[in-house]
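J.: Got a predicted structure here, sequence first:
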Amino acid sequence: MIALGVGFGSRCDEDALAELVAAVLAELAAEHDVSPQGGLLATAARKSRSGLLEPVAERLSLTPVYADEQALEALQYAVPGHSARARRAVGLGSVAEAAAMAVLGGDRRLIVPKRRGALATCAAAIGSARRCS
């Protein structure tokens, strides 16, 4: 299963986020021969009221999911590309990579590190589906 994680600020709009996610999807197909069929689009739970994740996920045929803050914090050690700006803004050095990994099972691994757009970041991970209790 593929999960794309995104981080975005309050000025980000649907088109900007969709463009960045589409670029990462294209990279997955071209460089990793991976199909996003049945894939997830994840971000921090605190962004659930932004109104961005669901329309972007629908537009790109992905399933929107929110990662809880504890899961994101627990994965900070496992992801590259920490941002001092993100740490100041949200208390995490990495949102996109951590979100992508947080919604997958234990065998997850990052396959596309953080890509930056003007107002958002996106990364992709691959792994087994996470079991929900």
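T.: On my side now, so go ahead. Just so you know, these numbers come straight off a predicted model, no measurement behind them.

J.: how about stretch 112-127: buried residues?
T.: Residues of stretch 112-127 classed as buried: 112, 114, 115, 117, 120, 121, 122, 123, 124, 125, 126, 127 (neighbour count, 16 or more other Cβ atoms under 10 Å). All C-beta atoms are positioned from the backbone trio N, CA, C, and that covers glycine.

J.: Stretch 50-69 now?
T.: Applying 16+ other Cβ under 10 Å to stretch 50-69 flags 50, 52, 53, 56, 57, 60, 62, 64, 65, 66, 67 as buried.

J.: tell me the two of the buried residues of stretch 112-127 that are most distant?
T.: Across the buried residues of stretch 112-127, no pair lies farther apart than 117 and 127, at 24.1 Å, counting by Cβ to Cβ.

J.: Stretch 122-130 - what's its average pLDDT?
T.: On average, the pLDDT along stretch 122-130 is 89.

J.: what's the spacing between that stretch and its chain's center?
T.: The chain centre lies 9 Å from the centre of stretch 122-130; the measure is Cα atoms, centre = their mean, to the nearest Å.

J.: first to last residue in that stretch, what's the distance?
T.: Stretch 122-130 stretches 20 Å from its first residue to its last (Cα to Cα, to the nearest Å).

J.: re the thing from before, give me the subset of the buried residues of stretch 50-69 lying in strands.
T.: The strands, defined by DSSP state E, take in 64, 65, 66, 67 from the buried residues of stretch 50-69.

J.: Let me know the closest of the buried residues of stretch 112-127 to residue 25.
T.: Set against residue 25, the nearest of the buried residues of stretch 112-127 by Cβ to Cβ is residue 124 (8.2 Å).

J.: Follow the chain on from the lowest-mean-pLDDT helix or strand in the chain and name the next helix or strand.
T.: Within the chain, confidence by mean pLDDT, DSSP states H and E is lowest for helix 84-90 among all helices and strands, at a mean of 57. Once the chain leaves helix 84-90, the next helix or strand it forms, by DSSP states H and E, is helix 96-102.
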